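Visitor: Predicted model and sequence follow; I will ask about them next.
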Protein chains: 2
Amino acid sequence: MTKTVEFFYDFASPYTYLASTQIEEICKHHGAKLQWRPFLLGAVFKASGNVPPSQVAPKAQYMLRDLHDWAEYFEVPFKFPSTFPPNSLKSMRAALVAEREGRLVPFSHACFKAFWVEDRNISESDVIAAIGEQVGIPREKLLAGVEEPEIKDKLKANTEEAVARGAFGAPAFFMGDRLFWGQDRLVLLEEALK
Amino acid sequence: MTKTVEFFYDFASPYTYLASTQIEEICKHHGAKLQWRPFLLGAVFKASGNVPPSQVAPKAQYMLRDLHDWAEYFEVPFKFPSTFPPNSLKSMRAALVAEREGRLVPFSHACFKAFWVEDRNISESDVIAAIGEQVGIPREKLLAGVEEPEIKDKLKANTEEAVARGAFGAPAFFMGDRLFWGQDRLVLLEEALK
């Protein structure tokens, strides 16, 4: 039976960007199906009672170096953006519009790259629209889509589902009812996929 | 020049137990010197403003499975103890008595194993004394030692030093001014040792 990995992600999370550069290869290698599932990390923190690492001063300090170390380890580009933390609400809704257009994965990669490599401010509608156009989604379609109740509700539902299943941070990978939290648990996810 | 890894640890931390089963091999493999440095994790949490993972309900729930997954990954025994969290103050002071007796490393391994494999309550003086005897430290010497101001001050000094250098949790590995936090950063420590 084919195994499925669900990848809950938010563009605002640097560790999730790092994970997004690795997860496709891992799933491909183990013949697993990968589902990209946008959610809202801020709401996950609130609902779970977890504290964002950036709010603990020495941890925030440590993260700056740690993130670069992981980027080097994974051999991927990384540049800490000048506008952190972003408001990712609109971009995460835009991901769900992209999903409807069949462009979820390329749009998501492009958003992660825009923010975590190119220092483009994904809080802004213009930036989001430009990323959408990069991957073939007309500007008007994307910007109108993010205002639709259906899209807003879908993001809320994804987030609530992740929390109900035990998520308290990002990236959150699920294999059935098993949660793997963080780019540093990809080794354990791989063990489970074997 | 020989590299030195300082390993700040507290017997109360399960992730630190896991790291303690790996770090000697890693340092040996890379020809690095290893320094075992007892500290008090509770005081580190307080001083750094960090929140113990066991205090965030879904994270505590996740940890139970995660710890077993890591133990399996590292191929080491692990059993969550019936008396968590322990009061590790006396056992950490005892480690410093053991250090003075030239028995720091065997005593530390024995304490980690007692708590995280054998479910012996290391909060209790009798258990600590028995572990000391296992590694050749007379009972009276150990129990008198933990009450000495010199020993108490040393544990405080180690803890304050770790916090001053940026530690906010355990295990905390330092290579010079570089911190590596967690058993899941051993891969990055290894990169730095290359």
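Guide: Structure received. Numbering: from 1, shown residues only, chains lettered A, B, ... in the order given.
Visitor: What is the neighbour count of residue A:16?
Guide: Residue A:16 has 23 neighbours, counted by other Cβ atoms under 10 Å in any protein chain shown. For glycine as for every other residue, the C-beta is placed from the backbone atoms N, C-alpha and C.
Visitor: pretty sure it is in contact with residue A:169, am I right?
Guide: No: shown here, residue A:16 and residue A:169 do not form a contact pair, counting by Cβ atoms under 8 Å, at 9.2 Å.
Visitor: Return the residues of chain A in contact with chain B.
Guide: A:48-51, A:56-59, A:61-62, A:65-66, A:69-70, A:72-73, A:163, A:166-169, A:178-179, A:181-182, A:184-185, A:187-188, A:191-192 (Cβ under 8 Å from any Cβ of the partner chain).
Visitor: Kindly give a single ChimeraX line that selects the buried subset of the residues you listed.
Guide: The following ChimeraX selection, which keeps only the buried ones among these, applies the criterion 16 or more other Cβ atoms under 10 Å in any protein chain shown:
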select /A:48,50,51,56,58,59,62,66,69,70,163,166,167,168,169,179,181,182,184,185,188,192
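Visitor: Go through the residues of chain A next to chain B and flag which are in helices.
Guide: Among the residues of chain A next to chain B, DSSP state H puts A:48, A:57-59, A:61-62, A:65-66, A:69-70, A:72-73, A:163, A:187-188, A:191-192 in helices.
Visitor: residues contacting residue A:43?
Guide: A:156, A:159, A:163 (Cβ atoms under 8 Å, 6 or more residues apart in numbering or on different chains).
Visitor: what are the ranges of the strands in chain A?
Guide: A:4-9, A:33-38, A:172-175, A:178-181 (DSSP state E).
Visitor: Just put those in a markdown table and tack on distance to residue A:87.
Guide: Shown next, in a markdown table, are the strands of chain A (distance: least, Cβ to Cβ, whole Å):
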| stretch | distance to residue A:87 |
| --- | --- |
| strand A:4-9 | 16 |
| strand A:33-38 | 15 |
| strand A:172-175 | 20 |
| strand A:178-181 | 23 |
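Visitor: ok, back up a step: anything in contact with each of residue A:16 and residue A:169?
Guide: residue A:41.
Visitor: mind giving me JSON lines with the strands of chain A and columns for mean pLDDT and distance to residue B:32?
Guide: Shown next, in JSON lines, are the strands of chain A (pLDDT from 0 to 100; distance: least, Cβ to Cβ, whole Å):
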{"stretch": "strand A:4-9", "mean pLDDT": "98", "distance to residue B:32": "36"}
{"stretch": "strand A:33-38", "mean pLDDT": "98", "distance to residue B:32": "38"}
{"stretch": "strand A:172-175", "mean pLDDT": "98", "distance to residue B:32": "33"}
{"stretch": "strand A:178-181", "mean pLDDT": "98", "distance to residue B:32": "30"}
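Visitor: Go through those strands and name the closest to residue B:103.
Guide: strand A:178-181 (37.6 Å; Cβ to Cβ).
Visitor: which helices and strands sit right next to the closest one?
Guide: strand A:172-175, helix A:186-193, helix B:57-74 (3 or more Cβ pairs under 8 Å, 6 or more residues apart in numbering or on different chains; DSSP states H and E).
Visitor: partner strands of the first one, parallel or antiparallel?
Guide: Okay, so that is strand A:172-175. The pairing partners recorded for strand A:172-175 under DSSP bridges are strand A:4-9 (antiparallel), strand A:178-181 (antiparallel).
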